[in-house]
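Enquirer: Dropping the sequence and predicted coords here.
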Amino acid sequence: MNFFLATDIVIDLRSALSLPSVMKQLCITRPGLIYDANLEANLYFHDVLAAIKEAYADCVIYTNSFPGEPTYRHLEDVAAYFREPAPDGFVVIGGGSTMDLAKGVALLQTNAVSALSLKGFPSDVNDPLPLITVPSLLGSGAEVSYNAVFIDEDEGRKLGINSRQNFPKKCVVDPLLSMSAPRKSVIATAMDSMVHCIDSFGSPKQTPLSRVFSIEGFQRIFYALQQDQLDRAESRIDLAIGSICGTVALMNSGDGPSNGFAYYLGVKHQVPHGLAGAVFLKEVMAYNISHGYEKYAVLNPMRETLSARACSEQLMEQMDALYRQLDIPTLSSFGFTRENARDFAHQASQALQGSFAGNPVAFDQESALKVINRLM
């Protein structure tokens with residue numbers, strides 16, 4: 001069994017105000033700061049920004065207003081922005097896409113190569129500049145992951161720069177920075193975490209230790225969403241812990257069809273990644289249960305009083321209720337019909353063979369078609 005996590009984590013209210021001392025601990029003397037443009041409306045963020053500027057008057061600041069997930073071209077542009085004068089470390093405050101952008105920028109500062117040359121799983125690269133991640137949305141798990149997603153515009157594919165050297169040095173989770181996020185964004189990113197937990201739980205590569213994180217993450221997220229009190233800091237902390245748990249579990253196991261479908265639907269049809277994964281998650285779970293997979297029962301807190309089958313079925317009833325409560329859409333909402341279902345299944349299965357192989361029961365093009373038809 002192998003298990004790894006390489007980022008120090010702090011989760012606390014108002015912890016972002018201590019970012020200057022965190023930078024000093026990492027011996028950062030001239031920081032670069034990247035933050036999401038939509039944080040401009042968050043009054044607490046301005047307190048955090050003022051604290052950084054007071055401690056570091058020469059901080060180089062970039063406001064990321066790029067729509068959607070970053071492209072390699074956008075990465076090149078932002079990396080060039082920071083080359084003169086060059087920082088000796090970075091802080092990023094934002095959602096998953098902005099944190100991925102910062103990982104790429106920190107790596108390119110120490111590697112004089114094109115961004116595209118680093119796509120995939122690069123080897124023989126220099127360590128990036130130290131990076132501190134501060135999430136303003138709680139779900140992608142980018143704050144503790146070495147993966148960084150980028151889109152190759154020419155190929156129309158999500159690829160990324162995935163090197164273990166990309167691990168952030170420190171993650172500071174302050175729920176107050178997430179309070180200005182729209183409710184639909186909070187739900188979408190929380191569902192992204194849930195996909196990570198479920199896919200990693202069922203992965204053939206899971207381990208007893210990774211499953212501890214899958215289970216804890218799922219139950220935290222599910223409870224927070226079910227209670228529907230997302231404006232409370234306590235709920236945001238549950239989402240933060242769930243996000244970290246789901247990503248740690250995923251890194252130490254592997255993804256499955258739901259995460260794979262999310263990548264395909266997101267790139268080909270511009271659906272936000274978290275929402276795209278949510279569309280498929282429940283039906284992939286139902287497919288697995290109908291084909292004899294009963295281990296989802298472990299995720300249900302009632303598992304000690306019910307049989308595995310009954311426990312799995314009860315969990316799916318609760319999932320149905322949660323989907324109705326959150327108004328999670330089906331594929332029909334994005335213009336898909338049964339007439340193009342087979343083509344969708346074919347294209348997805350061609351692109352996502354690796355993700356399909358991560359399912360706990362055999363999953364192929366016909367399996368994908370069955371899931372897709374149930375979403376019409």
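Expert: Great, that's in hand.

Enquirer: which residues does the closest residue to residue 262 other than its chain neighbours contact?
Expert: Closest residue in space to residue 262, ignoring its immediate chain neighbours: residue 277 at 3.5 Å, by Cβ to Cβ, 6 or more residues apart in numbering. For glycine as for every other residue, the C-beta is placed from the backbone atoms N, C-alpha and C. Shown here is residue 277, whose contacts under the criterion Cβ atoms under 8 Å, 6 or more residues apart in numbering are 191-192, 195, 258-259, 261-262.

Enquirer: can you put the residues you listed in a markdown table and add distance to residue 69, pLDDT and secondary structure?
Expert: Supplementary listing: the contacts of residue 277 in a markdown table, determined by distance: Cβ to Cβ, whole Å; pLDDT from 0 to 100; DSSP: H, G, I helix; E, B strand; the rest coil:
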| residue | distance to residue 69 | pLDDT | secondary structure |
| --- | --- | --- | --- |
| 191 | 17 | 94 | helix |
| 192 | 13 | 92 | helix |
| 195 | 16 | 93 | helix |
| 258 | 18 | 89 | helix |
| 259 | 15 | 80 | helix |
| 261 | 16 | 83 | helix |
| 262 | 12 | 81 | helix |
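
Enquirer: Nearest to residue 161 among the residues you listed?
Expert: Compare each of those with residue 161 using Cβ to Cβ and the shortest gap goes to residue 259, at 18.2 Å.

Enquirer: got the residue ranges for the helices in this structure?
Expert: Under the criterion DSSP state H, helices of the chain are mapped to 19-25, 43-55, 72-81, 96-108, 183-202, 208-227, 233-251, 257-269, 273-290, 308-326, 341-351, 353-356, 365-374.

Enquirer: Return the set of buried residues in the shortest one.
Expert: Within helix 353-356, the residues scored as buried using 16 or more other Cβ atoms under 10 Å are 355-356.

Enquirer: Just the C-alphas of it, formatted as PDB.
Expert: What follows is helix 353-356 as a C-alpha-only set of coordinates in PDB (Å, rounded to 0.1, in the frame of the first residue of the first chain):
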ATOM      1  CA  GLN A 353     -11.400   4.300 -21.400                       C
ATOM      2  CA  GLY A 354      -9.100   5.000 -18.400                       C
ATOM      3  CA  SER A 355     -12.000   6.400 -16.300                       C
ATOM      4  CA  PHE A 356     -14.300   3.500 -17.300                       C
END
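
Enquirer: ok, and what's touching stretch 11-23?
Expert: Under Cβ under 8 Å, 6+ apart, the answer for stretch 11-23 is 10, 31, 47-48, 51-52, 54-56, 89, 91, 93, 132, 134, 170, 172-177, 233, 237, 240-241.

Enquirer: switch the cut-off to 7 Å
Expert: Counting contacts by Cβ atoms under 7 Å, 6 or more residues apart in numbering, the residues outside stretch 11-23 that touch it are 31, 47-48, 51-52, 55-56, 89, 91, 132, 134, 170, 172-177, 233, 237, 240-241.

Enquirer: Write the PyMOL selection for whichever of the residues you listed are buried.
Expert: For the buried members of these, the matching PyMOL selection, counting by 16+ other Cβ under 10 Å, is:
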select buried, resi 31+48+51+52+56+89+91+132+134+170+172+173+174+175+176+177+237+240+241
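
Enquirer: Any stretches of this structure with poor pLDDT?
Expert: Residue ranges of the chain with pLDDT under 70: 267-268, 302-305, 351.

Enquirer: Domains of it: list them as residue ranges, please.
Expert: Segmentation of the chain into domains, based on automatic domain parsing, reads 8-178, 183-374.

Enquirer: for those domains, which one sits closest to residue 2?
Expert: Closest approach to residue 2 among these is made by domain 183-374 (7.4 Å; Cβ to Cβ).

Enquirer: chain center to that closest one, what's the gap?
Expert: 13 Å (Cα atoms, centre = their mean, to the nearest Å).

Enquirer: and the end-to-end length of that domain?
Expert: When the termini of domain 183-374 are compared using Cα to Cα, to the nearest Å, they are 27 Å apart.

Enquirer: And for stretch 358-370?
Expert: Distance between the boundary residues of stretch 358-370 (Cα to Cα) amounts to 18 Å.

Enquirer: Rebuild the domains of the chain as CSV, extending it with distance to residue 1.
Expert: Written out in CSV, the entries for those read as follows (distance: least, Cβ to Cβ, whole Å):
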stretch, distance to residue 1
domain 8-178, 18
domain 183-374, 5
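
Enquirer: And the helices of the chain: which comes nearest residue 300?
Expert: Among those, helix 308-326 comes nearest to residue 300, with 4.4 Å by Cβ to Cβ.

Enquirer: ok, residues contacting that closest one?
Expert: For helix 308-326, the surrounding residues in contact (Cβ under 7 Å, 6+ apart) are 187, 225-226, 228, 282, 285-286, 289, 294, 296-297, 299-300, 302-303, 306.

Enquirer: hmm, which of these are the buried ones?
Expert: Neighbour counting with 16+ other Cβ under 10 Å marks 187, 225, 282, 285-286, 289, 296-297, 299-300, 303 as buried within the contacts of helix 308-326.

Enquirer: Out of those residues, which comes closest to residue 252?
Expert: When these are compared for distance to residue 252, the smallest value, 17.6 Å, is given by residue 299; criterion: Cβ to Cβ.

Enquirer: list the contacts for that closest one?
Expert: Counting by Cβ under 7 Å, 6+ apart, residue 299 has contacts 201, 215, 218-219, 315.

Enquirer: nearest residue to the most centrally placed residue in the chain other than its sequence neighbours?
Expert: Ranked by distance to the mean C-alpha position of the chain (Cα atoms, centre = their mean), the top residue is residue 140 at 1.9 Å. Excluding its sequence neighbours, the residue lying closest to residue 140 (Cβ to Cβ, 6+ apart) is residue 96, at 2.9 Å.

Enquirer: same question, residue 278
Expert: Taking Cβ to Cβ, 6+ apart, and ignoring the residues beside it in sequence, residue 278 has residue 191 as its nearest neighbour in space, at 3.7 Å.
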